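Enquirer: heads up, no residue letters with this:
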Ligand SMILES: NC(=O)c1ccc[n+]([C@@H]2O[C@H](COP(=O)([O-])OP(=O)(O)OC[C@H]3O[C@@H](n4cnc5c(N)ncnc54)[C@H](O)[C@@H]3O)[C@@H](O)[C@H]2O)c1
Ligand SMILES: [Zn+2]
């Protein structure tokens, strides 16, 4: 079904109004990119388009058409697809390609792809010539509902994921939901875990919408996908505008991620996509909420059923329990003897707890077995 509505979500960085920007969501997103490029707001220099090897053959030409129509020269840098590209030497390669093409301080970086492309291209933009503007054209659910909004950019180090990076807000985000039509189903499902997360932490109506429309969303019905993408952008925009540097509220977005990261570590980053580990993490966090008496068993079951409806894992019978617990204790969120978690307190509501005894976290994890 064709998508026919366009929406603009404003990201209002209140104390720093000059850095506010819009997220354009709709079938005319690339036309809006073209209008931006031709406007006085856009940098005057060379455009550096960063994309990956899967996305380039699908969508680079459509973007390049808009760049050329705006009268701009462009250099294209295509990364190998996948998380392995998110490393520091690739940032050097990107900057090298920009320099060879003659990009200077008046340049503009355009990130076309998933979260990997957005994170590395945004980071390259933050350091190239000590910082040039960039815009995002996110092409995965993860990128459209999560990584393209909020200004966190960076790469991985062999000693830790996302350990080298910078805050660099984009000048705009341009989301064409139709680009999701080519996304592998497993990537779509994994991305929906972050949307379910947004429902649990901030929006009971969004959660109910997901429960009712899982089949349409999984079938990539663009009308059905619009609601979760728009609402997620609104939720993430509100959270990051209130707390750009993760002093408090932004930590809510880590719901399901303390368990999730430990699960990713214990599984060697091979078995689960990030969103799949987050789904397991949310199931464990729901059980933790139940053990703490903050939510009832029906809440935990409802969350599990929603994850399952999106084809996400809700149990991991072979989980190495001790390794997973050990990974959690090493997580930066742990403090003096107790563990720090975001715990549900009802649908659309979470609380921060820093006083969770490891035995309780273990009991929550055991429910995944
Ligand atoms: N900056 C942030 O705030 C933030 C938030 C969440 C995640 N992230 C980062 O995002 C990354 C994960 O992002 P991701 O899940 O988008 O992964 P990804 O960028 O690797 O994309 C997943 C796969 O889908 C392919 N692909 C992308 N768009 C496609 C399309 N439209 N059609 C067909 N194939 C397509 C890619 O080539 C890749 O193979 C991680 O590195 C994570 O750390 C960052
Ligand atoms: Zn996540």
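Expert: Right, received. Where do you want to start? What you see is a predicted model; the values in this text were computed from it and never measured. Ligands and ions are numbered 1, 2, ... in the order given.
Enquirer: Give me the domain ranges for the protein.
Expert: Domains of the chain are assigned by automatic domain parsing as 7-183, 186-219+255-366.
Enquirer: Let me have those in a markdown table, extended by mean neighbour count, mean pLDDT and distance to residue 228.
Expert: For every residue, glycine as well, the C-beta is placed using N, CA and C. What follows is the domains of the chain, written out as a markdown table (neighbours: other Cβ atoms under 10 Å; pLDDT from 0 to 100; distance: least, Cβ to Cβ, whole Å):
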| stretch | mean neighbour count | mean pLDDT | distance to residue 228 |
| --- | --- | --- | --- |
| domain 7-183 | 19 | 95 | 7 |
| domain 186-219+255-366 | 20 | 95 | 5 |
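Enquirer: Just send those domains back as a markdown table, with distance to residue 249 too.
Expert: Listed next are these as a markdown table, based on distance: least, Cβ to Cβ, whole Å:
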| stretch | distance to residue 249 |
| --- | --- |
| domain 7-183 | 12 |
| domain 186-219+255-366 | 10 |
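Enquirer: Tell me which of those domains sits nearest to ligand 1.
Expert: domain 7-183 (2.1 Å; Cβ to the nearest ligand atom).
Enquirer: Show me which residues of this structure sit near ligand 1.
Expert: Counting by Cβ under 6 Å from any ligand atom, the chain comes close to ligand 1 at 52, 54-55, 58, 81-83, 86, 113-117, 119, 139-140, 142-143, 146-147, 150, 152, 162, 179, 182-183, 187.
Enquirer: Next step: those restricted to strands.
Expert: 52, 113, 152, 162 (DSSP state E).
Enquirer: if we can go back for a sec, which one, of the domains of the chain, ends up nearest to residue 236?
Expert: Smallest distance to residue 236 across these (Cβ to Cβ): 4.6 Å, for domain 7-183.
Enquirer: so how far is the first residue of that closest one from its last?
Expert: From its first residue to its last, domain 7-183 covers 22 Å (Cα to Cα, to the nearest Å).
Enquirer: returning to that earlier point: select, out of the domains of the chain, the one closest to residue 232.
Expert: Residue 232 sits nearest to domain 7-183 of all the domains of the chain, at 3.7 Å, using Cβ to Cβ.
Enquirer: Output the contacting helices and strands for the strand or helix carrying residue 327.
Expert: Taking DSSP states H and E as the criterion, residue 327 maps to helix 321-330. Other helices and strands packing on helix 321-330, by 3 or more Cβ pairs under 8 Å, 6 or more residues apart in numbering; DSSP states H and E, are helix 257-266, helix 358-366.
Enquirer: ok, 6 Å please
Expert: The contact analysis (3 or more Cβ pairs under 6 Å, 6 or more residues apart in numbering; DSSP states H and E) places helix 321-330 against helix 257-266.
Enquirer: now the helix it packs on against helix 321-330, angle please.
Expert: 120 degrees (axes from the mean of the first three to the mean of the last three Cα atoms, to 10 degrees).
Enquirer: Check which helices and strands whichever helix or strand comes after helix 257-266 is in contact with.
Expert: Moving toward the C-terminus from helix 257-266, the first helix or strand encountered (DSSP H and E) is helix 274-291. Applying 3+ Cβ pairs under 6 Å, 6+ apart, we find helix 274-291 packed against helix 185-202, helix 257-266, helix 297-309, strand 339-346, helix 358-366.
Enquirer: Skip the chain neighbours and tell me the closest residue to residue 43.
Expert: Nearest non-adjacent residue to residue 43, counting by Cβ to Cβ, 6 or more residues apart in numbering: residue 108, 4.3 Å away.
Enquirer: For that neighbour, list each beta-bridge partner.
Expert: residue 47 (DSSP bridges).
Enquirer: from here on, count from 2
Expert: New numbering, starting at 2: the last item is residue 109.
Enquirer: wait, what's in contact with it?
Expert: 44, 48, 134 (Cβ atoms under 6 Å, 6 or more residues apart in numbering).
Enquirer: And residue 293, by the same measure?
Expert: No contacts exist for residue 293 under Cβ under 6 Å, 6+ apart.
Enquirer: From residue 362, how far off is it?
Expert: Distance, residue 293 to residue 362, by Cβ to Cβ, to the nearest Å: 11 Å.
Enquirer: likewise residue 192?
Expert: 26 Å.
Enquirer: what's the single longest helix in this structure?
Expert: When the chain is parsed with DSSP state H, its longest helix is helix 223-243.
Enquirer: list the helices and strands it packs on?
Expert: Packing partners of helix 223-243 (3+ Cβ pairs under 6 Å, 6+ apart): strand 8-12, helix 186-203, helix 205-219.
Enquirer: buried residues in it?
Expert: 223, 225-238, 240-242 (16 or more other Cβ atoms under 10 Å).
Enquirer: got the angle between that helix and helix 205-219?
Expert: 140 degrees.
Enquirer: element containing the residue lying closest to residue 169 once chain neighbours are set aside, please.
Expert: For residue 169, ignoring the flanking residues on the chain, the nearest one in space by Cβ to Cβ, 6+ apart is residue 127 at 3.7 Å. Taking DSSP H and E as the definition, residue 127 sits inside helix 116-128.
Enquirer: What are the neighbouring residues in contact with the nearest residue to residue 204 once chain neighbours are set aside?
Expert: Closest residue in space to residue 204, ignoring its immediate chain neighbours: residue 349 at 5.4 Å, by Cβ to Cβ, 6+ apart. Applying Cβ under 6 Å, 6+ apart, we find residue 349 in contact with 203-205.
Enquirer: Relative to residue 198, how far out is residue 349?
Expert: Residue 349 is 12 Å from residue 198, where distance means Cβ to Cβ.
Enquirer: Could you pull up phi and psi at the nearest residue to residue 250 once chain neighbours are set aside?
Expert: With Cβ to Cβ, 6+ apart as the criterion, residue 250 has its nearest non-adjacent residue at 4.2 Å, and that residue is residue 244. Per-residue torsions, residue 244: phi -150, psi 70 (degrees, to the nearest 10).
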